[in-house]
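# predicted structure and sequence below. I'll ask about it afterward.
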There are 2 protein chains.
Amino acid sequence: MRDDALDIPSYEDMLAAHDRIRPHIRCTPVRVSDYLNDLTGASLFFKCENFQEPGAFKVRGAANAVFGLNDEQARRGVATHSSGNHASCLSYAAMRRGIPCNVVMPHTAPQAKKDTVRRYGGQITECEPSTTSREATFAQVQAATGGDFVHPYNDPRVIAGQGTCSREFIEQTDGLDSVVAPIGGGGMVSGCCLTLSTLAPETQIIAAEPEQADDAYRSFKAGHIIADDAPKTVADGLLVPLKERTWHFVSRHVTDILTASEQEIIDAMKLAWKHLRIVVEPSSAVPLATVLKNPDRFAGKRVGIIITGGNVDLDRLPWLGSA
Amino acid sequence: MRDDALDIPSYEDMLAAHDRIRPHIRCTPVRVSDYLNDLTGASLFFKCENFQEPGAFKVRGAANAVFGLNDEQARRGVATHSSGNHASCLSYAAMRRGIPCNVVMPHTAPQAKKDTVRRYGGQITECEPSTTSREATFAQVQAATGGDFVHPYNDPRVIAGQGTCSREFIEQTDGLDSVVAPIGGGGMVSGCCLTLSTLAPETQIIAAEPEQADDAYRSFKAGHIIADDAPKTVADGLLVPLKERTWHFVSRHVTDILTASEQEIIDAMKLAWKHLRIVVEPSSAVPLATVLKNPDRFAGKRVGIIITGGNVDLDRLPWLGSA
């Protein structure tokens, strides 16, 4: 049932998104580790979205937006502001459709992120690292290009796309007691809510957040959106606040939000690299950190953890003290 | 057809091994990367043996040896000398059967390797880091325990077990023009020869070796085994020489042996971490290094690369200059 005021995506929108994006994404594998199971007393399943070609789940929502455009809009392309995985995933999806993608990024963004966007054909317009500059610059770019604005998470097409991940996950695991996903703006968590509330309503949805950027946790407790100004955490994919569409899902369907400290996140990241032997970015380690921190809650359960991305600066690993 | 003089395993031995070990190993997934395909002009398929529970393909041969023992021999357990993945994989297989595993390791072996063997219940006897001390210590241990000696590669049960990897690989990819695997003692390469010479005789078998430990390359050119005394390379899984059973396969079925420099190996390792987002040990990066170095040879081909293992000291990464 669509919520018309907010344009909230429906389960059918998620199914349509899956059909639309299937040629452009990977059905990512699920990893297990006897070692991590013994350590936690739980049966852990890790959905490896870091294995998407551009290295993050965000290709799902981006591809749904890009391939859902009509031909006329597609000619003008898409546009967004992001200094993270959404920018490269949107560029990647646009490249696959052969349409323009304009991205506004702060000039302070890491060179590696800019390089990835450009590798996928994205056009970067740099701004100052402030909200004012970003919004003004984005308005200019959008006016000049007519590109369709694809918000990193507060967009019904994006949420419907992200929802395809937990659909695969439930099918691959034959059911889970809970799914734990990191929460920043809430795009992936909203996608889980959208899909699981229909497909597996008995599965708990747990969001995992850095203590040092716990605005979703505080929003959840307060019952309304609280946005922080400039949180600082190693989990650099989780800096942004909830918006009205993701709040819609989080406030209705999330069972709980758990938090972890910076050191707990770094320890969990290293543990995942060592025992799953996959490259996981700090944001993606927050769920494992919260599971390790709350053993009584997860022991004996079938727990799905979404590894949201694997884009890391390999020259600056947080446990080596150089990050 | 079994070669009785050398006790060479047959294709049927490999099939029997697969049935025997299936409950104890993972059918590891195959990763692809559009980026690496564009870079090489080839269609590359990476078989992720680093995703075996103990982190290396060697669990296949070890499990075949352990689970093929009769009950009487099993009570006395198994024994080996190794400071690498074979020691932990044999301990792991023995733990799963609930039998003793004795491992002779030089006292200079990294603490992390000793910890892994002990975690899987392996009993370590330390020796001096010399062949004389290792052989004398091993003879004592074997006399005292009666453990069945499972050589890291020059054992027909081990070679038959390793052969199950390329069987899965061919089935998962619907055929390959060539398979490239690293070569040290030649266990994995011999397994590929055993399996592919029957299952996919048109598939070329290419071995990849560090320039600084190129004894297999020189053996291949000379037509007889050449063993180096103490080669030094970052690819620390590839230091050992061919033996008669692996030479049997290498000399008959390998198409070519290609080599890569230390820097080429490290660059390929970092590239695999970045674009496949998997943790790959240096030895496992040698095949990708040789493919990058010989583009004309592989362009336009379907090339299978065996990622043999992912056990790495995450505090000492070779590209950070701390290894």
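Arrived safely.
# what's the closest residue to chain B within the stretch 151-300 of chain A sitting at in phi/psi?
Proximity of the stretch 151-300 of chain A to chain B (CB to the nearest CB) peaks at A:R277, 3.7 Å away. Where you see a C-beta, it was placed from the backbone N, CA and C, and this is true even at glycine. Note on A:R277: backbone dihedrals following degrees, to the nearest 10 are phi 60, psi 40.
# what's the answer for A:A181, then?
Dihedral angles for A:A181 - degrees, to the nearest 10 - are phi -130, psi 150.
# excluding covalently adjacent residues, which one is nearest to it?
Of all residues beyond its chain neighbours, the one nearest A:A181 is A:I306 (4.3 Å), with distances taken as CB to CB, 6 or more residues apart in numbering or on different chains.
# okay, the residue of the stretch 151-300 of chain A closest to chain B: pLDDT?
Looking at A:R277, its pLDDT reads 98.
# wait, isn't it in contact with B:N50?
Yes: at 4.6 Å, A:R277 and B:N50 qualify as touching, with contact defined as CB atoms under 8 Å.
# overlap in contacts, those two.
Shared contacts of A:R277 and B:N50 (CB atoms under 8 Å, 6 or more residues apart in numbering or on different chains): B:278-279, B:310.
# hang on, isn't A:T108 packed against A:P129?
Yes: between A:T108 and A:P129 there is a contact under CB under 8 Å: 4.7 Å.
# ok, these two, which is more surrounded?
A:P129 (14 against 10; other CB atoms under 10 Å in any protein chain shown).
# the closest residue to the more buried one other than its chain neighbours and A:N311, how far apart?
In space, and not counting its chain neighbours, A:P129 is closest to A:P106: 3.8 Å by CB to CB, 6+ apart. A:P106 sits 17 Å away from A:N311, going by CB to CB, to the nearest Å.
# neighbour count for the two, which is higher?
Between A:P106 and A:N311, counted using other CB under 10 Å, the more crowded position is A:N311 (23 against 15).
# pretty sure the more buried one sits in a strand.
No: going by DSSP: H, G, I helix; E, B strand; the rest coil, the assignment for A:N311 is coil, not a strand.
# and the pLDDT at it?
Looking at A:N311, its pLDDT reads 93.
# just checking, it touches A:T116?
Yes: because the distance of 7.5 Å satisfies CB under 8 Å, A:N311 is recorded as touching A:T116.
# any common contacting residues for the two?
A:S88.
# what is the neighbour count of whichever residue of the stretch 51-200 of chain A sits closest to chain B?
Proximity of the stretch 51-200 of chain A to chain B (CB to the nearest CB) peaks at A:E53, 5.3 Å away. Residues lying near A:E53 (other CB under 10 Å) number 18.
# distance of the residue of the stretch 151-300 of chain A closest to chain B from A:G223?
Taking CB to CB, one finds A:R277 at 41 Å from A:G223.
# now do the buried residues in the longest helix belonging to chain A.
Looking across chain A with DSSP state H, the single longest helix is helix A:156-173. Buried residues in helix A:156-173, counted by 16 or more other CB atoms under 10 Å in any protein chain shown: A:156-170, A:173.
# tell me how far it lies from the chain's centre.
11 Å (CA atoms, centre = their mean, to the nearest Å).
# and it, what's its mean pLDDT?
Helix A:156-173 comes out at a mean pLDDT of 98.
# packing partners of that helix?
helix A:11-21, strand A:30-31, strand A:43-48, helix A:58-67, helix A:187-199, helix A:244-253, strand A:302-307 (3 or more CB pairs under 8 Å, 6 or more residues apart in numbering or on different chains; DSSP states H and E).
# need those in CSV (columns: distance to B:A17 and mean neighbour count).
Below are the helices and strands packed on helix A:156-173 laid out as CSV (distance: least, CB to CB, whole Å; neighbours: other CB atoms under 10 Å in any protein chain shown):
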stretch, distance to B:A17, mean neighbour count
helix A:11-21, 39, 19
strand A:30-31, 25, 20
strand A:43-48, 28, 22
helix A:58-67, 39, 29
helix A:187-199, 40, 27
helix A:244-253, 48, 19
strand A:302-307, 32, 27
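# so can I have CSV of the ones you listed showing distance to A:L292?
Formatted as CSV, these follow (distance: least, CB to CB, whole Å):
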stretch, distance to A:L292
helix A:11-21, 31
strand A:30-31, 17
strand A:43-48, 10
helix A:58-67, 26
helix A:187-199, 20
helix A:244-253, 23
strand A:302-307, 11
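# adding mean pLDDT, write these out as CSV.
As requested, the helices and strands packed on helix A:156-173 are exported to CSV (pLDDT from 0 to 100):
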stretch, mean pLDDT
helix A:11-21, 98
strand A:30-31, 98
strand A:43-48, 98
helix A:58-67, 98
helix A:187-199, 98
helix A:244-253, 98
strand A:302-307, 98
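# A helix includes A:G185, no?
No: under three-state DSSP, A:G185 sits outside any helix and is assigned coil.
# now it. Nearest residue, chain neighbours left out?
A:Y153 (3.8 Å).
# contacts for stretch A:229-242?
By CB under 8 Å, 6+ apart, the residues outside stretch A:229-242 that reach it are A:84-85, A:152-153, A:182-186, A:209-210, A:212-213, A:215-216, A:219, A:225-228, A:250, A:262, A:265-266, A:281-286, A:308-309, A:318, A:323.
# which of those count as buried?
A:84-85, A:152-153, A:182-186, A:209-210, A:212-213, A:215-216, A:219, A:225-226, A:250, A:262, A:265-266, A:281-286, A:308-309, A:318.
# can you flag which of those residues belong to helices?
A:85, A:215-216, A:219, A:250, A:262, A:265-266, A:282-286.
# lowest-confidence helix or strand of chain A?
helix A:111-119 (a mean of 90; mean pLDDT, DSSP states H and E).
# which positions within it qualify as buried?
For helix A:111-119, by 16+ other CB under 10 Å, it's A:113-114, A:116-117.
# which SSE is immediately downstream of it?
strand A:123-127 (DSSP states H and E).
# neighbouring contacts of that next one?
Against strand A:123-127 from outside (CB under 8 Å, 6+ apart): A:81, A:100-107, A:114, A:117-118, A:133-134, A:136-138, A:140-141.
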